[in-house]
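Peer 1: Quick one, fold the following:
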Amino acid sequence: MHKRTLFLAILFFVCVFSASASAWPPGDTTARDSSIEKIAGFIKKISFGGVFQARYTGSLVRDVDVNGMHQPNAEEVVRNSFSIKRARLQAKAQVSDRFTAAVLINLAEFSGDTKGKVLENAYISYRWNDAVNFTVGQFRPSFGLEDLYPVDIIQSMDFSNQYAAFGSNGWQSFQIGVSMFGSFNQDSKIPMKYAVSVVNGNNRNQPSDNDNGKLGTARLEFGEMNKLSLGLNGGFGAVKRQRVYALGVDVSGVIPLAPKWDLQLQSEYKQGNNHQLYYALPDSIRGGEGVGRYIMDGIYVLPNLRYKISYHKLTSIEFSMRYEYFDENKKHNGAIRQSYIPMISLAFLKDYGGRIQLGMQIDQYNKDIPGTKTHNSNLLIVQVQCRF
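Peer 2: Purely as a prediction, here's the structure:
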């Protein structure tokens, strides 16, 4: 009975295909060509890209490994290693003049625990006009300068410590939710951009929210990032029925020094509740205090001196030095971290299509905690990058 049904179904589809093919006159291929053009037009609107980053890391501190972990009693401390930092693939489809869909994955994260990782962007965007746009899915809500750049074009070895901390608390990095954004006065001397987002706040690749609270963020940006811009960021929400907040301000700009020289400057300050730390502590340590007593704040300054050159495929030579101060628990005499990251990089092709970076990550704490990453360290990093 099943074989007969399958045969009839195949025969039916063959007949339908034959009938549709004969619907076009033998000498008239206009309709067929039109259909093919529509399919080809759709395929042409799908773009693929990605980035590959490989690095060599060496620890210059005897008891600290390549991950910054202090291991005083280890038989052998791994102080140098080759690794794949990122192997990202992105697909973006322009479905119509208003709808766009995008997916971004990082295959390098298959080397470890993949829970809550691998998938980074997965969203749909709808464009109404320049002033009103929507994004739904998993994306990076705009809550600072670093949310506006992919990691492969930043002027340092990696994102800041504050970005990592505010990301783990749900304000930055990849989150699941909805966003509205747009721009105004693009032809004026002071253009303005805005972004408003509501997210679950429990980070990426989660089946659902882990409580009924949501995090709301807003950003206003005045000026142009390639000249001078000011960003104001604010956020509030609830985590496990306790109110939380975050705020920040950032400044960026480019100062031309000579025809081939310019100085790029970026700086950010942020403050907010560290509810990730609060709920990770046992009740005996919290002592009945609310999340409002757990505050993190930090500031960084990142100058980048760029010399534009045109020598074969080499486009620029850059020198940067990021300084960052970050306190993850300022009201409880927490560990204060100061980071110095000098870097020199050679950029090839357009938009860092190729890049060689040599830098150091020097972390200094006001107090060391043996056997943890909260310990003074000094890492030498050589990184090679290719964007496609």
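
Peer 1: partners of the helix or strand harbouring residue 250 in the sheet?
Peer 2: Element membership for residue 250 (DSSP states H and E) is strand 242-258. Its sheet considered, strand 242-258 pairs with strand 228-239 (antiparallel), strand 261-273 (antiparallel) by DSSP bridges.

Peer 1: tell me which residues in it are buried?
Peer 2: 242, 244-254 (16 or more other Cβ atoms under 10 Å). C-betas here are computed from N, CA, C, even on glycine.

Peer 1: Next: stretch 224-241.
Peer 2: 224-225, 229, 231, 233-239.

Peer 1: one step back: chain center to the strand holding residue 250: distance?
Peer 2: 16 Å (Cα atoms, centre = their mean, to the nearest Å).

Peer 1: what do you get for stretch 72-80?
Peer 2: That offset, for stretch 72-80, works out to 32 Å (Cα atoms, centre = their mean).

Peer 1: Likewise for stretch 368-376?
Peer 2: Worked out by Cα atoms, centre = their mean, stretch 368-376 lies 27 Å from the chain centre.

Peer 1: do the same with stretch 143-154
Peer 2: 6 Å.

Peer 1: Then stretch 260-278?
Peer 2: 14 Å.

Peer 1: Only the buried residues of it, if you could.
Peer 2: 262, 264, 266-278.

Peer 1: Give me the next element, helix or strand, following the strand or helix carrying residue 358.
Peer 2: Taking DSSP H and E as the definition, one finds residue 358 inside strand 354-365. For strand 354-365, the succeeding helix or strand toward the C-terminus, using DSSP H and E, is strand 377-387.

Peer 1: mind listing what that next one pairs with, with the direction of each?
Peer 2: Here, using DSSP bridges, strand 377-387 pairs with strand 46-59 (antiparallel), strand 354-365 (antiparallel).

Peer 1: In a markdown table, list the strands paired with strand 242-258 along with distance to residue 145 and mean pLDDT.
Peer 2: What follows is those, written out as a markdown table (distance: least, Cβ to Cβ, whole Å; pLDDT from 0 to 100):
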| stretch | distance to residue 145 | mean pLDDT |
| --- | --- | --- |
| strand 228-239 | 7 | 96 |
| strand 261-273 | 6 | 97 |
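
Peer 1: sorry, back to before: for the buried residues of stretch 224-241, which one is nearest residue 358?
Peer 2: Set against residue 358, the nearest of the buried residues of stretch 224-241 by Cβ to Cβ is residue 225 (26.2 Å).

Peer 1: from what I can see that closest one touches residue 251, true?
Peer 2: No. Counting by Cβ atoms under 8 Å, residue 225 sits too far from residue 251 to count as a contact (10.5 Å).

Peer 1: quick one: which of the strands paired with strand 377-387 is nearest residue 308?
Peer 2: Closest approach to residue 308 among the strands paired with strand 377-387 is made by strand 354-365 (14.9 Å; Cβ to Cβ).

Peer 1: Pull out the buried residues from that closest one.
Peer 2: In strand 354-365, counting by 16+ other Cβ under 10 Å, buried: 354-355, 357, 359, 361-363, 365.

Peer 1: ok, now which ones touch the residue nearest to residue 130 when sequence neighbours are not counted?
Peer 2: Take residue 130 and drop its neighbours on the chain: the residue closest to it by Cβ to Cβ, 6 or more residues apart in numbering is residue 183, 5.4 Å away. Shown in contact with residue 183 (Cβ atoms under 8 Å, 6 or more residues apart in numbering): 130-131, 191-194.
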